[in-house]
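Undergrad: One predicted model, sequence on top.
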Amino acid sequence: MNTDDLITALSSDVTPVRRGAVGRRVLLGLGGGVLVSLGLVVAWMGIRPDLGAAMHGGAFWMKWAYTISLSIAALTVTIQLARPETTRLRGLWLVAIPAVLLAGLGAMELMRTPPGDWLRMWLSYSWMQCPWRVVALAMPIFVGLLWSFRRLAPTRLRAAGAAAGLSAGAFAATVYCLHCPEVSAIFVLTWYSLGILLATAIGALLGPRLLRW
């Protein structure tokens, strides 16, 4: 059998992949991980008791606007990298927009706040716990995305791992908002983002090892 005949024989029984199968697979793993992270918030940290009242204020929606928009942008990149031979990423620049907008909001906060209160506004009382809690909540989501990738064919393993970590961190930060009472944009920009970046770094480190196929 020559090469052309072998290729024809191997491709004759290939089942066509349904449109959107990659996205559905990634969303399935993501959804499972988010549910586990939500359970961790409820069982470990607790939902903030004033959540109903907080949802009537702008600070809560400021945090969710940041984390949800970052989650969507990161997930778009993650789905692209789940496919083989991704040479050009579309929409990667969108990841920067939420951070830039939040930085502008944080700058406006600083201008309205006396300099003597800047440190308290930046650190508040939970700055030491916030990044690590975001990372902890990101791990179930990261595992869910890795499960999704095992049935897919990523080839840029480090980039795919970093994108999965970024998505996991952003979605974890969204879940963490249900517990966190902090209201400062500069706090969210610093400590939420640090947790998200740590999850991204973990994904980049583990991607080549865990996504190899």
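TA: Now that the structure is in, tell me what you want to look at.

Undergrad: CA atoms for contacts and neighbours, from now on please.
TA: OK.

Undergrad: Residue 155 contacts residue 80, correct?
TA: No - Residue 155 is beyond contact range of residue 80, at 11.0 Å (criterion: Cα atoms under 8 Å).

Undergrad: Grab the most central residue of the protein for me.
TA: residue 167 (2.1 Å; Cα atoms, centre = their mean).

Undergrad: so how far is residue 68 from the nearest residue to it once chain neighbours are set aside?
TA: Among residues not flanking residue 167 along the chain, residue 74 sits closest, at 5.1 Å (Cα to Cα, 6 or more residues apart in numbering). Going from residue 74 to residue 68 by Cα to Cα, to the nearest Å gives 10 Å.

Undergrad: so what sits against both of these two?
TA: Common contact partners of residue 74 and residue 68 (Cα atoms under 8 Å, 6 or more residues apart in numbering): residue 170.

Undergrad: Which of those two has more residues huddled nearby?
TA: More crowded of residue 74 and residue 68, by other Cα atoms under 10 Å: residue 74, with 26 against 19.

Undergrad: Just the pLDDT for the more buried one.
TA: Residue 74 is assigned a predicted lDDT (pLDDT) of 95.

Undergrad: where along this protein do the strands fall?
TA: Assigned by DSSP state E, the chain shows no strands.

Undergrad: in it, which spans are helices?
TA: 3-11, 21-40, 51-54, 58-81, 96-112, 118-123, 130-149, 157-176, 185-187, 193-210 (DSSP state H).

Undergrad: which residues touch the shortest one?
TA: Read it as helix 185-187. Helix 185-187 is contacted by residues 59, 62-63, 102-103, 105-107, 109, 121-124, 127 when judged by Cα under 8 Å, 6+ apart.

Undergrad: quick check: mean pLDDT across that helix?
TA: The average pLDDT for helix 185-187 rounds to 96.

Undergrad: Where does the prediction get shaky in this structure?
TA: 1-2, 4-20, 85-87, 213 (pLDDT under 70).

Undergrad: And residue 188, how far from residue 110?
TA: The value you get for residue 188 to residue 110, if Cα to Cα is used, is 14 Å.

Undergrad: With neighbour numbers in mind, choose between these two.
TA: Taking neighbours as other Cα under 10 Å, residue 188 and residue 110 compare with residue 188 leading, 27 against 18.

Undergrad: Name the nearest residue to the more buried one, ignoring sequence neighbours.
TA: residue 63 is the one closest to residue 188 (Cα to Cα, 6+ apart), at 6.9 Å.

Undergrad: got it, and residue 173?
TA: Using Cα to Cα, 6+ apart, the nearest residue to residue 173 is residue 134, at 5.6 Å.

Undergrad: who's in contact with that neighbour?
TA: Residues counted as contacts of residue 134 (Cα under 8 Å, 6+ apart) are 169, 172, 173, 176, 192, 195, 196.
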